[in-house]
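Peer 1: for reference, the sequence and a predicted model appear below.
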Amino acid sequence: MAQDEIRPEAARQAREEAAERASIAVRPEFRSQTSATSKEKVFEMNGIEVLYSGVSAVKGISMDVGHNEVTALIGPSGCGKSTLLRCLNRMNDLIPNAEVQGELLYHGEDLYGPNVDPVQVRKLIGMVFQKPNPFPKSIYDNIAFGPRILGRKDGMDETVEKALRGAALWEEVKDRLKSSPLALSGGQQQRLCIARTLATEPEVMLLDEPTASLDPASSQKVEELVYELRRQITVVIVTHNMQQAARASDRTAFMLSGELVEVGATRGLFTAPKDPRTEAYITGRFG
Ligand code: ADP
């Protein structure tokens, strides 16, 4: 019997740790050399298609993601939001039957170019998942995990504190850094995962329905944090919660059946949508 079958949770955790370790490789050249301005495009998508076993899940999407903005991807379940999100840090490369077509520029460079290392991409463009996945280590060691892999030894206490402050969690955990994060609430665990991602200083954070498994109070804290994060980094968040998109994002993209229906400033999209399908969705007529 395989180890996975005996201790599936431990095996999952080991896989996630290994993936995290692999994703924190070293190659600083790919990092943006310019100091980005708020008007700068971080991503430019031109005709992005994603096929699973030859079947289109994302169809010819063209849109930009701006620096230090929160961009929300909304739309009914199955419309391709997570698939599109995974294109942005080449996570779809890890899905054997997935094929990505079209052009995706990151700071003007082809993210899928022959000399680009997907591992390095995933270091610069971090991801936080639906279900919080703290490692079975102390709170401190969860945060220090990435920086240690990067070979950082000095100033670890400061690094850990900065990341926890950046994720609005410091005050809640500063007296229990050596204890297990598994005793934290779901919302605290999710903020811990955000802090763990922040600790390696990514340029972009991708969040895939980060509050889907949380109660309303915890969701609100994570949501407020997401909005605050754009002071530090660029954020793309998938959510099927329209109120969350309206509250926490600067720009919103509405997708339907793999297509981009409309993208624009969040306020405009929610108050004066251009496309009748967007209006139907945001007024709750479907989805
Ligand atoms: P959303 O995030 O909007 O719910 P997804 O991106 O998860 O949508 O899925 C878009 C479509 O692609 C759905 O029809 C889904 O069933 C399909 N899909 C997602 N992942 C896979 C996969 N690994 N293999 C085959 N089909 C997939």
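Peer 2: Now that the structure is in, tell me what you want to look at. Computed from a predicted structure; not experimentally measured.
Peer 1: show me what the closest residue to the ligand within the stretch 101-250 of the chain bridges to in the sheet.
Peer 2: Going by Cβ to the nearest ligand atom, the ligand is nearest to residue 238 of the stretch 101-250 of the chain, at 6.0 Å. To be clear about C-beta, it is placed using only N, CA and C from the backbone, and glycine gets the same treatment. Note on residue 238: beta-bridge partners residue 73, residue 208, judged by DSSP bridges.
Peer 1: surely it meets residue 80?
Peer 2: No. Residue 238 lies out of contact with residue 80 (Cβ atoms under 8 Å); the separation is 10.0 Å.
Peer 1: who are the contact partners of the residue of the stretch 101-250 of the chain closest to the ligand?
Peer 2: By Cβ atoms under 8 Å, 6 or more residues apart in numbering, the contact list for residue 238 reads 72-73, 81-82, 85, 207-209.
Peer 1: then residue 82?
Peer 2: Residue 82 neighbours (Cβ under 8 Å, 6+ apart): 208-209, 238.
Peer 1: need the pLDDT of it.
Peer 2: Model confidence at residue 82, given as pLDDT, is 97.
Peer 1: do you know how far it is from residue 149?
Peer 2: 26 Å (Cβ to Cβ, to the nearest Å).
Peer 1: which residues in this protein form helices?
Peer 2: 3-6, 8-23, 81-87, 118-124, 139-149, 156-166, 170-173, 186-198, 216-229, 242-248, 266-271, 276-282 (DSSP state H).
Peer 1: just the C-alphas of the third one, formatted as PDB.
Peer 2: So the one you mean is helix 81-87. What follows is helix 81-87, C-alpha atoms only, in PDB (Å, rounded to 0.1, in the frame of the first residue of the first chain):
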ATOM      1  CA  LYS A  81     -11.800  32.200 -13.400                       C
ATOM      2  CA  SER A  82      -9.400  29.800 -11.600                       C
ATOM      3  CA  THR A  83      -8.100  28.600 -14.900                       C
ATOM      4  CA  LEU A  84      -7.300  32.100 -16.100                       C
ATOM      5  CA  LEU A  85      -5.700  32.900 -12.700                       C
ATOM      6  CA  ARG A  86      -3.500  29.800 -12.900                       C
ATOM      7  CA  CYS A  87      -2.100  31.100 -16.300                       C
END
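Peer 1: touching the ligand at all, that helix?
Peer 2: Yes. On the criterion Cβ under 6 Å from any ligand atom, helix 81-87 is in touch with the ligand at 81-83.
Peer 1: list just the nearest of the residues you listed to residue 220.
Peer 2: residue 81 (21.4 Å; Cβ to Cβ).
Peer 1: my guess is the closest one contacts residue 71, does it?
Peer 2: No. Residue 81 lies out of contact with residue 71 (Cβ under 8 Å); the separation is 11.4 Å.
Peer 1: and the stretch 101-250 of the chain, which of its residues are near the ligand?
Peer 2: Counting by Cβ under 6 Å from any ligand atom, the stretch 101-250 of the chain sits next to the ligand at residue 238.
Peer 1: hang on, the earlier thing: now the helices of the chain as CSV including distance to residue 109?
Peer 2: Listed next are the helices of the chain as CSV, based on distance: least, Cβ to Cβ, whole Å:
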stretch, distance to residue 109
helix 3-6, 38
helix 8-23, 19
helix 81-87, 15
helix 118-124, 10
helix 139-149, 23
helix 156-166, 27
helix 170-173, 35
helix 186-198, 22
helix 216-229, 24
helix 242-248, 28
helix 266-271, 28
helix 276-282, 32
